[in-house]
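S.K.: Using only what follows, build the 3D model:
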Amino acid sequence: MDRRTRIRNAAAIGALLLTALSFLAFFRQAERQPPPGKHPPASPSVPQAARLPLEGLVIAVDPGHGGDDGGVIHGGVLEKDVNLQVSLHLAAGLERLGARVVMTRTGDDGPFTDPRTSLNLRLYRARQGEAQIFVSVHANSYPDSSQFGAQTFYHPSSVEGRRLALLVQEELVRLQPENYREALAADYYVLRNSQVPAALVEVGFLSNPDDRRKLVDPAYQARLGEAVARAIVRYFQGDVPEHRPTVTRPGPPPGFIQEIYPPEVR
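M.R.: Numbers count the residues shown, from 1 in each chain. Here you go, the predicted structure:
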């Protein structure tokens, strides 16, 4: 056999081997394909983190009074201290729900000698922080110590402030079912001058022994903060408050609020 014949034979054998390998690869691929009408199971997807109910929202929390201004005082309890503790619990709850919280004070600082300067500073801090709602926390007082119960206020010109206040009041009444008070309109300075929906929450009467005992209890302060936080979640979810009929009781008018600020800055 000459050299040229050997080369042709080697080429033919190589072509046969290449063809055989191609068929083998084809059949192996076919074995891996699912039967007609069936599909391989999808790769498990990584679940996305659940969105927090207040994620991306900014809320101003205003602990009323502070510094030289103690607010009302009963039984050695200063309103400014109760306001701050409840506000800190509220802020912590809001942050757990995803909100960014703007506190108008975080300690016993302020206000300035001029009450109007103090109130304007609180509103300024809320604006600078781009807050979307404003919640001011206070405690009430009245000469008749039998008066009790938390109550929420809104400015009469603010439709959204009213909805916020009504929702807050509903949650506060759930916490204290015997509370007959309702959210009411009031022309207070921070409500009148807030550029966003605002509510002023009176968390109870320091002049009432039972309310006062609860208001200095850290566990009850935390529950107050949780109640207001639930109302804020409902507000941003677009909830409509339930109607609560007015119930008359002896004592101060349902919208009574004891403040040391002079009338021109209330």
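S.K.: mind listing the helices for the protein?
M.R.: 3-32, 79-96, 115-128, 159-175, 189-193, 209-215, 218-236 (DSSP state H).
S.K.: Pull out the buried residues from the fifth one.
M.R.: Meaning helix 189-193. Using 16 or more other CB atoms under 10 Å as the test for burial, helix 189-193 gives 189, 190, 191, 193. Any C-beta I mention is one placed from the backbone N, CA and C, and that applies to glycine too.
S.K.: can you check the third one too?
M.R.: Neighbour counts over helix 115-128 (16+ other CB under 10 Å) mark 115, 118, 119, 120, 122, 123, 125, 126 as buried.
S.K.: now swap in the second one and tell me
M.R.: Of the residues in helix 79-96, those scored as buried under the neighbour-count criterion (16+ other CB under 10 Å) are 79-91, 93-94.
S.K.: Out of those, the closest to residue 141 would be?
M.R.: residue 79 (7.7 Å; CB to CB).
S.K.: Okay, the closest one and residue 167: tell me how far apart.
M.R.: 24 Å (CB to CB, to the nearest Å).
S.K.: ok, back up a step: got the buried residues of helix 115-128 as CSV, with pLDDT columns?
M.R.: As requested, these are arranged in CSV below (pLDDT from 0 to 100):
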residue, pLDDT
115, 80
118, 90
119, 94
120, 94
122, 95
123, 96
125, 96
126, 98
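S.K.: tally of neighbours for residue 177?
M.R.: 7 (other CB atoms under 10 Å).
S.K.: Phi, psi for it please.
M.R.: Reported as degrees, to the nearest 10, the phi and psi values for residue 177 are phi -60, psi -30.
S.K.: likewise residue 104?
M.R.: Backbone torsions of residue 104, given as degrees, to the nearest 10, read phi -80, psi -20.
S.K.: For it, the count of nearby residues, please.
M.R.: Residue 104, neighbours per other CB under 10 Å, totals 28.
S.K.: Return the member of the buried residues of helix 115-128 nearest to residue 57.
M.R.: residue 126 (13.4 Å).
S.K.: Wait, the closest one touches residue 62, no?
M.R.: Yes - counting by CB atoms under 8 Å, residue 126 touches residue 62, with 7.3 Å between them.
S.K.: between these two, what contacts are shared?
M.R.: 104, 134 (CB atoms under 8 Å, 6 or more residues apart in numbering).
S.K.: need the contact list for residue 93.
M.R.: 225, 226, 229.
S.K.: Leaving out the residues flanking it, which one is nearest to it?
M.R.: residue 229 (3.9 Å; CB to CB, 6 or more residues apart in numbering).
S.K.: Give me the distance between that neighbour and residue 185.
M.R.: For residue 229 relative to residue 185 (CB to CB), the value is 23 Å.
S.K.: ok, back up a step: let me have the helices of the chain in a markdown table, extended by distance to residue 203.
M.R.: Formatted as a markdown table, the helices of the chain follow (distance: least, CB to CB, whole Å):
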| stretch | distance to residue 203 |
| --- | --- |
| helix 3-32 | 68 |
| helix 79-96 | 6 |
| helix 115-128 | 17 |
| helix 159-175 | 8 |
| helix 189-193 | 16 |
| helix 209-215 | 6 |
| helix 218-236 | 5 |
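S.K.: Residue 145 is in contact with residue 211, isn't it?
M.R.: No - with contacts counted by CB under 8 Å, residue 145 stays clear of residue 211, the gap being 9.4 Å.
S.K.: Show me the common contact partners of those two, please.
M.R.: residue 205.
S.K.: And those two? Which one has more around it.
M.R.: It is residue 211, of residue 145 and residue 211, that has more neighbours when counted by other CB under 10 Å, with 24 against 16.
S.K.: who touches that one in this structure?
M.R.: 148, 149, 204, 205.
S.K.: Tell me which of the residues you listed fall in strands.
M.R.: 204, 205 (DSSP state E).
S.K.: Pick the one among the contacts of residue 211 closest to residue 58.
M.R.: residue 204 (27.4 Å).
S.K.: tell me the contacts of the closest one?
M.R.: If you count contacts by CB under 8 Å, 6+ apart, residue 204 has them with 139, 140, 148, 149, 150, 176, 211, 212, 214, 215.
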